[in-house]
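[1] coordinates only, sequence not included:
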């Protein structure tokens, strides 16, 4: 079984990772941990990065020596933390960092890697926030070709309860 877990480092993502950690899975499972940095136009021309390959090649981070950006550094840290938490859960854990639209990238990676399940968190926005911001998990639910498990973080909830 191949599972994609989407994370952005928020409490909602943490809840999704914790839910996946507690799920009974076959030991031969593969988990693909994905984080997407929203494309603001700043990233035009920069390569899409698979951190599993790049991080192994360089101690200076994904972008190499002398190139640092706080948003990408944070994304790398989010991926490493999630992968460490899930490492005992699967036979293989892969990390992927993308730049673009989170929903579109998650769907694209899920299709390309032929995952069996997508696991992600939901911040539980309501009202005008939900209408204006259009939830990433909602878009993935509507467009993914595989099942999607959305772990909703209730307001005031503690992930570790």
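    Alright, I've got the coordinates. Quick caveat: nothing in here was measured; it's all calculated off a predicted structure. Residues are numbered from 1 along each chain as shown.
[2] next structured bit after the lowest-mean-pLDDT helix or strand in the chain?
    None of the helices or strands of the chain scores lower by mean pLDDT, DSSP states H and E than helix 51-57, at a mean of 39. Counting by DSSP states H and E, the next helix or strand C-terminal to helix 51-57 is helix 70-86.
[3] Go through that next one and flag the buried ones.
    72, 75-76, 78-79, 82-83, 85-86 (16 or more other C-beta atoms under 10 Å). Bear in mind the C-beta positions are built from the backbone N, C-alpha and C, glycine included.
[4] ok, now stretch 22-34?
    Buried residues in stretch 22-34 (16+ other C-beta under 10 Å): 25, 29-34.
[5] any idea of the mean pLDDT for stretch 26-35?
    Per-residue pLDDT values across stretch 26-35 average out to 85.
[6] cool, and stretch 79-86?
    In the prediction, stretch 79-86 has an average pLDDT of 92.
[7] who touches it?
    Applying C-beta atoms under 8 Å, 6 or more residues apart in numbering, the set of residues contacting stretch 79-86 from outside is 5, 7, 9, 13, 17, 20-21, 31, 33, 35, 51, 55, 93, 95-97.
[8] wait, which of those is closest to residue 148?
    residue 5 (11.2 Å; C-beta to C-beta).
[9] quick one, helices of this protein?
    11-22, 51-57, 70-86, 102-113, 127-133, 136-143 (DSSP state H).
[10] now for the buried residues of stretch 22-34, which pair is the farthest apart?
    For the buried residues of stretch 22-34, the maximum inter-member distance is 17.7 Å, found between 25 and 34 (C-beta to C-beta).
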